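>>> For reference, the sequence and a predicted model appear below.
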Amino acid sequence: MAVADDNLIASDPTEHFFQGPGGRLFLRGVRPSSAAIARLVIVHGYGDHSGRFSHFMRWMAGRGIACHAADLRGQGRSDGRKGYVARWEHYLDDLAAILSQTSAGEGPHVPLFVLGHSHGGLVVAAAGERGVLERAGVRGVVLTSPYLRSKMRVPRTKIVLGRAAGLFVPWLPVATGLQNEWMSSDPDMVEDARVDPLCTRVATPRWYTGQLRAQGEVMKRAGDFRLPLFVLGAGADRVADTSAAEEFVSRAGSADKTFRSYPGLLHELLRERGREKIFADVRAWLESRIQ
């Protein structure tokens with residue numbers, strides 16, 4: 001279904017809190033000024049928050065796709081200790097609540113898609129394998145730089161200490177060591193991240209051990225993922241291993257699946273230089289599946 005870009009204007013963004021399974025979650029949305037042709041729920045990465053996708057949401061809404069994004073627990077403006085989750089699977093509970101909350105806005109007749117970035121991609125992949133997405137009526141999934149395997153080398157001593165700390169002080173904040181310059185080559189986006197007070201620059205032992213376990217399970221159960229799938233990898237990613245994303249696509253049980261790599265680009269594809277080309281690729285994939 002083609003949509004004429006120049007005939008659509010995004011409405012003013014909406015923001016509100018709603019009660020999630022573990023506390024209040026912060027939700028933002030941008031809708032087209034006319035009837036939406038699709039809904040897209042965006043799941044941010046670890047240490048990230050929904051506001052960092054506002055430019056992408058406005059671009060998509062201006063082309064007929066209603067966008068919603070929420071801060072997961074312990075991230076952004078949502079409730080919870082920063083960077084902490086008692087059980088990694090609680091992120092799946094948050095996602096299910098977000099999907100339920102956003103379903104009322106456009107109505108069930110408007111096809112629903114989900115986009116997961118980085119650690120949000122890991123959450124979305126796990127939700128797809130466990131039936132969370134299908135139960136919500138999701139029609140297809142986009143993953144950008146999914147964090148299915150780390151590209152960063154973590155010293156074994158730090159891993160051992162992290163697991164030990166997880167038993168006694170699972171909420172202990174530990175600096176991630178990630179650099180803003182690893183995320184985007186766009187200097188404006190780098191500066192935006194540097195001064196953003198909502199970005200979480202620490203990790204916690206319980207999250208770390210939980211995501212390691214989740215990464216292994218998601219790759220092992222890739223055949224259980226059967227929804228239409230579009231995975232975008234950053235060719236110069238220093239955070240997420242792009243080869244793991246490509247491997248996940250090859251092993252996924254989806255009949256409709258595509259992997260596309262963008263040579264030379266860094267981790268945050270939706271905040272990189274030339275990002276409107278990537279926006280257009282995502283939009284084209286979504287529109288070709290709106291039937």
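Cool, the structure landed.
>>> So H16 belongs to a strand, correct?
Yes. The assignment for H16 is a strand, going by DSSP: H, G, I helix; E, B strand; the rest coil.
>>> I'd like to know how far it sits from S50.
Distance, H16 to S50, by C-beta to C-beta, to the nearest Å: 12 Å. (Each C-beta comes from the backbone N, C-alpha and C, glycine too.)
>>> Comparing those two, which residue is more hemmed in?
Between H16 and S50, S50 has the larger neighbour count (other C-beta atoms under 10 Å), namely 28 against 11.
>>> hang on, the more buried one packs against V41?
No. S50 lies out of contact with V41 (C-beta atoms under 8 Å); the separation is 10.3 Å.
>>> Now for these two: what residues contact both?
Common contact partners of S50 and V41 (C-beta atoms under 8 Å, 6 or more residues apart in numbering): A69.
>>> got a list of what the residue nearest to A222 when sequence neighbours are not counted touches?
Closest residue to A222 in three dimensions, ignoring its sequence neighbours and counting by C-beta to C-beta, 6 or more residues apart in numbering: R251, at 3.8 Å. By C-beta under 8 Å, 6+ apart, the contact list for R251 reads 219, 222-223.
>>> residues contacting T242?
Counted by C-beta under 8 Å, 6+ apart, T242 has contacts 145, 151, 233-235, 261.
>>> where does it fall, phi/psi-wise?
phi -60, psi -30 (degrees, to the nearest 10).
>>> where along this protein do the helices fall?
Along the chain, counting by DSSP state H, helices occupy 54-61, 90-106, 119-129, 132-135, 156-168, 187-194, 205-220, 242-251, 275-287.
>>> Sort out which of the contacts of R251 are buried, if you could.
Using 16 or more other C-beta atoms under 10 Å as the burial test, these include A222 as buried.
>>> Take the contacts of R251 and write them to a markdown table, including pLDDT and distance to R28.
Below are the contacts of R251 laid out as a markdown table (pLDDT from 0 to 100; distance: C-beta to C-beta, whole Å):
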| residue | pLDDT | distance to R28 |
| --- | --- | --- |
| M219 | 98 | 31 |
| A222 | 98 | 31 |
| G223 | 98 | 34 |
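>>> List the buried residues for stretch 76-85?
Judged by neighbour count (16+ other C-beta under 10 Å), stretch 76-85 contains these buried residues: 76-78, 80, 82-85.
>>> ok now that stretch, how far from the chain's centre?
Mean-position distance between stretch 76-85 and its chain equals 16 Å (C-alpha atoms, centre = their mean, to the nearest Å).
>>> per-residue confidence averaged over it?
The average pLDDT within stretch 76-85 is 95.
>>> repeat for stretch 278-287
Stretch 278-287 comes out at a mean pLDDT of 98.
>>> List the buried residues in that stretch.
For stretch 278-287, by 16+ other C-beta under 10 Å, it's 278-279, 281-283, 285-287.
>>> ok so, going back, how about JSON lines for the contacts of R251, with distance to A175 added?
What follows is those, written out as JSON lines (distance: C-beta to C-beta, whole Å):
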{"residue": "M219", "distance to A175": "27"}
{"residue": "A222", "distance to A175": "32"}
{"residue": "G223", "distance to A175": "37"}
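>>> Tell me which of the helices of the chain lies nearest to G29.
Counting by C-beta to C-beta, G29 lies closest to helix 90-106 out of the helices of the chain; the figure is 6.8 Å.
>>> Can you list the neighbours in contact with that closest one?
18, 20-22, 25, 27, 29, 31, 36, 39, 41, 43, 66, 68, 70, 72-73, 85, 112, 114, 123-124, 126-127, 130, 132-133, 135-138.
>>> and if you look at stretch 48-57?
Contacts of stretch 48-57 (C-beta under 8 Å, 6+ apart): 10, 13, 26-30, 42, 44, 67, 69-71, 75-77, 117-120, 192-193, 196, 198-200, 270-271, 275, 279.
>>> Please pick the buried ones from the residues you listed.
10, 26-30, 42, 44, 67, 69-71, 75-77, 117-120, 192-193, 196, 198-200, 270-271, 275, 279.
>>> what's the neighbour count on the closest residue to V282 other than its chain neighbours?
In space, and not counting its chain neighbours, V282 is closest to V142: 5.7 Å by C-beta to C-beta, 6+ apart. By other C-beta under 10 Å, the residues close to V142 number 24.
>>> is V142 in a bridge, and if so with what?
L115, F230 (DSSP bridges).
>>> what's it in contact with, if anything?
Contact analysis of V142 by C-beta under 8 Å, 6+ apart lists 113-116, 230-232, 282, 285-286.
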